[in-house]
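[1] task: produce atomic coordinates for the following.
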Amino acid sequence: MQVLSTVAVVGGLVLSTAPQAAAAVPYRDWTQAPGNAAGVVFDPCGDDWRLWDNVNDGLSASARFNYKGVKDRWKTVMFVKDGYGHASRNVSEKYHIYFQVRSPYGDSPIVEYRTSGCP
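    Numbers count the residues shown, from 1 in each chain. Model (predicted):
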């Protein structure tokens, strides 16, 4: 009798004990909330952040980031209510960052981008 240690078939379904790959984090300089309710763009040349709140409802959207590989709290860059905002927030050039826009209508996907280099 051969023993299958990592795969079993139960009722037509294939079950596996192999670890699932982590969902890939997109690598790009922008992200947006569901329905384009808000969006943020990061430019590492000058540590420039641009944030849009596209829903005129009196509520704020925010941008936040965290350094890749560093276990600490997320840092809020800025808030914008009903419109557009721009800010410079110094980030360490030693790391890549994860960043996200937060909106009352849902948070954007988390994306990764570099923190150094100007074109």
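[2] how about low-confidence regions in this structure?
    1-23, 119 (pLDDT under 70).
[3] what segments of it are strands?
    7-10, 13-16, 30-32, 38-43, 48-53, 60-67, 75-81, 83-88, 97-102, 111-113 (DSSP state E).
[4] got the CA coordinates for the longest one in CSV?
    What it means is strand 60-67. Taking Å, rounded to 0.1, in the frame of the first residue of the first chain, the C-alpha atoms of strand 60-67 are listed here in CSV:
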residue,chain,number,x,y,z
SER,A,60,-11.7,61.8,5.0
ALA,A,61,-9.5,59.4,3.1
SER,A,62,-5.9,58.8,4.4
ALA,A,63,-2.7,57.3,3.1
ARG,A,64,-0.4,55.2,5.2
PHE,A,65,2.8,53.2,4.8
ASN,A,66,5.0,50.6,6.6
TYR,A,67,8.5,49.5,5.9
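[5] got the angle between that strand and strand 48-53?
    Calculated by axes from the mean of the first three to the mean of the last three Cα atoms, to 10 degrees, strand 60-67 forms an angle of 140 degrees with strand 48-53.
[6] residues making contact with strand 60-67?
    33, 37-38, 40, 42, 49, 51-53, 72-81, 91-92, 95-104 (Cβ atoms under 8 Å, 6 or more residues apart in numbering). Where you see a C-beta, it was placed from the backbone N, CA and C, and this is true even at glycine.
[7] just put the strands of the chain in JSON lines and tack on distance to residue 24 and mean neighbour count.
    Shown next, in JSON lines, are the strands of the chain (distance: least, Cβ to Cβ, whole Å; neighbours: other Cβ atoms under 10 Å):
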{"stretch": "strand 7-10", "distance to residue 24": "24", "mean neighbour count": "9"}
{"stretch": "strand 13-16", "distance to residue 24": "19", "mean neighbour count": "8"}
{"stretch": "strand 30-32", "distance to residue 24": "14", "mean neighbour count": "19"}
{"stretch": "strand 38-43", "distance to residue 24": "19", "mean neighbour count": "22"}
{"stretch": "strand 48-53", "distance to residue 24": "24", "mean neighbour count": "20"}
{"stretch": "strand 60-67", "distance to residue 24": "17", "mean neighbour count": "21"}
{"stretch": "strand 75-81", "distance to residue 24": "23", "mean neighbour count": "16"}
{"stretch": "strand 83-88", "distance to residue 24": "28", "mean neighbour count": "13"}
{"stretch": "strand 97-102", "distance to residue 24": "13", "mean neighbour count": "22"}
{"stretch": "strand 111-113", "distance to residue 24": "10", "mean neighbour count": "19"}
